[in-house]
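Novice: Sequence isn't available, so here's the structure alone:
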């Protein structure tokens, strides 16, 4: 899903969220060896932008599939 970031009614960026389930849960998919700080920051940004409270960050690596729940403590 495409979301636009606006500031003073001007588009300043575009974000592509992988999935939103039932207009409640953001699903962010990654392919990497491990989670990074950037993955969590990006997912948190998506939560703040959409106003949702919960995201699942899912990581696919050569060895395993991992997931982490990411919460938005200050939803709109």
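Specialist: Cool, got the structure. Treat the numbers as computed from the prediction; the structure is a model and nothing was measured.
Novice: the strands in the chain, which residues?
Specialist: Ranges of strands within the chain are 2-7, 10-16, 19-21, 25-31, 54-60, 65-71, based on DSSP state E.
Novice: Quick one: list the elements packing against the second one.
Specialist: Which is strand 10-16. Packing contacts for strand 10-16, counted by 3 or more CB pairs under 8 Å, 6 or more residues apart in numbering; DSSP states H and E, involve strand 2-7, helix 37-50. Using the backbone N, CA and C atoms, a C-beta is placed for each residue, glycine as well.
Novice: Name the residues of that strand that are buried.
Specialist: If you call a residue buried by 16 or more other CB atoms under 10 Å, then strand 10-16 has no buried ones at all.
Novice: repeat for the shortest one
Specialist: Neighbour-count burial for strand 19-21, counted by 16+ other CB under 10 Å, picks out residue 20.
Novice: I'd like the mean pLDDT over it, please.
Specialist: Over the span of strand 19-21, the pLDDT mean works out to 94.
Novice: just stretch 44-55 next, same as before
Specialist: 92.
Novice: what's it in contact with?
Specialist: Taking CB atoms under 8 Å, 6 or more residues apart in numbering as the criterion, the residues outside stretch 44-55 that touch it are 3, 5, 15, 17, 20, 23-28, 43, 69-72, 74-76.
Novice: Recalculate using a threshold of 7 Å.
Specialist: The set of residues external to stretch 44-55 that reach it, using CB atoms under 7 Å, 6 or more residues apart in numbering, is 3, 5, 15, 17, 24-26, 28, 43, 69-72, 75-76.
Novice: Just the buried ones from those residues, in ChimeraX syntax?
Specialist: When burial is assessed using 16+ other CB under 10 Å, the buried subset of the contacts of stretch 44-55 is captured in ChimeraX by this command:
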select :17,26,28,43,70,72
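Novice: from the contacts of stretch 44-55, which two are the most distant?
Specialist: 5 and 69 (24.0 Å; CB to CB).
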